[in-house]
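>>> fold the following for me, if possible:
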Amino acid sequence: MGAAMGIDGIPLAAWLGVVGLPLATLPAALSVANLRCFRRAPQAGVSPPVSVLVPARDEAQAIARLAAAVLASRGIELELVILDDDSRDATAAIVAALAAADPRVRLVRGRPLPDGWCGKQHACWQLAHAARHDLLLFLDADVTLTPDGVARAVAFLDERSVDLASGFPRQETSCLLDWLLLPLIHFVLLGYLPLALSRTDNRPGLAAGCGQLFITRRSSYDRSGGHALIRGSLHDGIKLPRAYRAAGLSTDIFDAGDIARCRMYARNTEVVRGLGKNATEGIASRATILPFTVLLVGGQILPAIALVLGLLGQWQGWPAWTIVVSLSAATCAWLPRVLEVIRFGQSPFSALAHPLAVVVFLVIQWTAFARRALGLRTSWRGRSLSPP
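Predicted coordinates:
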């Protein structure tokens, strides 16, 4: 198969590497550049008080761990405000007990979800209005901070002098699909966003963020419209920074892997549903699904196929230059993942399975795209969801 003849007598498999090389070079080059400026938060200085705001729905297994970590914060005054969003488990009771034991903790009972609102955005909107301090740190309930995490997030916001900062925590994995797919968060972010340009060009299309950790000031939040402006969104990681930039405000991102960790999913089905839930406001949107499919198939899958076919056929019939090109394409395809293994401590075996991860990722994206085109709804945490 590897020797099947193609154009100009060159095996078809060889042309896969030729096609893939430029498409693999782009994310490789951007990853190298971005890793230089995707910095960790600086050490903390003196900080004003912070309101740590946590939306929680059915988070009984995680909420005590989050609270213990936040309350162990050093060098900063804070309040921890947790909104119970109509949980069906013991979330509210756990938070109430925490509030009785520590005056820094407050439980807010969420109001009924209005039409047109996503549950998380409505919860965060209520939390922002319940906060007592000017600095607002939004955290997902499955995030755990180090004792210096809150203070260093504030330090990054101050150092960069931006209106909204977002940190990308270290992703902890507990099942096959999150082990395979969650490292793609860093791969897509660093491989396709020109981070240096995004810091000088304030167009909303260059905004990025992670909904697990946002920090802002009340004045900036109010000026942007906050979560009310993205009330129907399922993907605040993208939509909130874009809303800020659309209002003329600045945003930035940082590597929070040393101050925060997150365990998003426990089962493979949750991974599929979770990634699919956000897909149509990201890569699976009408505007980006085809371009990203071309980029990912051409730059990440074709070089791997060319490499395997070449090795299996012992490069029979391949001109020397096509072997060099195919090896170069494969090197570029895997280079970002190798660098991310070194930088973020990701699994090297997950990186080795990178082409398979991209295939599964694209299947999830196209499935989400098809479901939206057919008008099908999905559900999350017991609620029926429909992307705007």
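
>>> who's in contact with the residue nearest to R223 when sequence neighbours are not counted?
Closest residue in space to R223, ignoring its immediate chain neighbours: A247 at 5.9 Å, by CB to CB, 6 or more residues apart in numbering. The way it works is simple: take the backbone N, C-alpha and C, and place the C-beta from them, glycine included. Residues near A247 by CB atoms under 8 Å, 6 or more residues apart in numbering: 223-225.

>>> let's have those residues in JSON lines, adding secondary structure, neighbour count and pLDDT.
Rendered in JSON lines, the data for these read as follows (DSSP: H, G, I helix; E, B strand; the rest coil; neighbours: other CB atoms under 10 Å; pLDDT from 0 to 100):
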{"residue": "R223", "secondary structure": "helix", "neighbour count": "14", "pLDDT": "97"}
{"residue": "S224", "secondary structure": "helix", "neighbour count": "25", "pLDDT": "97"}
{"residue": "G225", "secondary structure": "coil", "neighbour count": "16", "pLDDT": "97"}
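
>>> between those residues, which is closest to L309?
When the contacts of A247 are ranked by distance to L309 (CB to CB), S224 comes first, at 50.7 Å.

>>> from L249, how far off is that closest one?
When distances are taken as CB to CB, to the nearest Å, S224 and L249 turn out to be 6 Å apart.

>>> low pLDDT regions in this protein?
The model of the chain has pLDDT under 70 over residues 1-6, 379-380, 382-388.

>>> let's see 80
Under the criterion of pLDDT under 80, the regions of the chain flagged as low confidence span 1-9, 377-388.

>>> per the record, what domains does it have?
Per the record, the chain has its domains at 7-35+285-385, 50-174+187-264, by automatic domain parsing.

>>> and those, which is most packed in?
Mean neighbour count (mean count of other CB atoms under 10 Å) peaks for domain 50-174+187-264 among those, with a mean of 20.

>>> can you give me the end-to-end span of that domain?
Its start and end residues considered, domain 50-174+187-264 measures 24 Å (CA to CA, to the nearest Å).

>>> which residues of this structure fall in strands?
The residue ranges that make up the strands of the chain, judged by DSSP state E, are 50-56, 78-84, 105-109, 135-139, 143-145, 164-168, 170-171, 213-217, 251-255, 260-262, 378-380, 383-385.

>>> I'd like those strands as CSV, with distance to F292 appended.
Output for the strands of the chain, formatted as CSV (distance: least, CB to CB, whole Å):
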stretch, distance to F292
strand 50-56, 29
strand 78-84, 34
strand 105-109, 38
strand 135-139, 27
strand 143-145, 27
strand 164-168, 19
strand 170-171, 21
strand 213-217, 25
strand 251-255, 19
strand 260-262, 24
strand 378-380, 21
strand 383-385, 22
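
>>> wait, which of those strands is closest to G237?
Of all these, strand 164-168 comes closest under CB to CB, at 7.3 Å.

>>> that closest one pairs with which strands?
Using DSSP bridges, the neighbouring strands of strand 164-168 in the sheet come out as strand 213-217 (antiparallel), strand 251-255 (parallel).
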